[in-house]
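> Need a 3D model of the sequence below.
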Amino acid sequence: MIPQRNHSRGRWRAFKMIEKTDIIQRIKFDFGQNADEAIRVLQENIDQVEYLNHERIIRCIIYLSKGSIDELKHVINQAKQDPRDVMLWAEYEGLNENEVLKRVRDFNKTFEDCENNVKE
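Predicted coordinates for the structure are as follows:
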């Protein structure tokens, strides 16, 4: 785990969700100047709801957020209700009526590799 300064309390603590370089890079790329806020929002929610602390769920949340803090908060709330919904929305196409459901991403893999050799 990467130790990070907790400015509000003046102590160091480890951010659980930021163990993978691809996650850090994607947050910085997608959220730009708001990356620190995105990390804070994610971390606060992971601290509250332990089952969100899974790389696959975190990648799905980041992917669906599309760089928007408001959307990030919305997707996190959806994941709190049922993380399977968030995984479905992020990893599958064909979610509309009369469409064939097909997995096109696997967020168990890094962002870079998530579309390679995807299996149902």
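
> what about the residue lying farthest from the centre of the chain, helix or strand, and which?
With distances taken as Cα atoms, centre = their mean, the residue sitting farthest from the centre of the chain turns out to be Asn98, at 28.7 Å. Under the assignment given by DSSP states H and E, Asn98 is not contained in any helix or strand.

> From Glu71, how far off is the residue nearest the centre of the chain?
In the chain, the centroid-proximal residue (Cα atoms, centre = their mean) is Ile58; its distance is 2.6 Å. Relative to Glu71, Ile58 is positioned 15 Å away (criterion: Cβ to Cβ, to the nearest Å). For every residue, glycine as well, the C-beta is placed using N, CA and C.

> Dump stretch 41-52 to PDB, keeping only the CA atoms.
Extracted C-alpha coordinates of stretch 41-52, given in PDB (Å, rounded to 0.1, in the frame of the first residue of the first chain):
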ATOM      1  CA  VAL A  41     -14.300  10.500  -2.800                       C
ATOM      2  CA  LEU A  42     -13.400   6.900  -3.700                       C
ATOM      3  CA  GLN A  43     -11.400   6.400  -0.500                       C
ATOM      4  CA  GLU A  44     -14.100   7.800   1.800                       C
ATOM      5  CA  ASN A  45     -16.600   5.400   0.300                       C
ATOM      6  CA  ILE A  46     -14.300   2.400   0.400                       C
ATOM      7  CA  ASP A  47     -13.600   3.200   4.100                       C
ATOM      8  CA  GLN A  48     -17.400   3.100   4.600                       C
ATOM      9  CA  VAL A  49     -18.300   0.100   2.500                       C
ATOM     10  CA  GLU A  50     -15.500  -2.500   2.500                       C
ATOM     11  CA  TYR A  51     -16.900  -4.600  -0.400                       C
ATOM     12  CA  LEU A  52     -16.100  -1.700  -2.700                       C
END
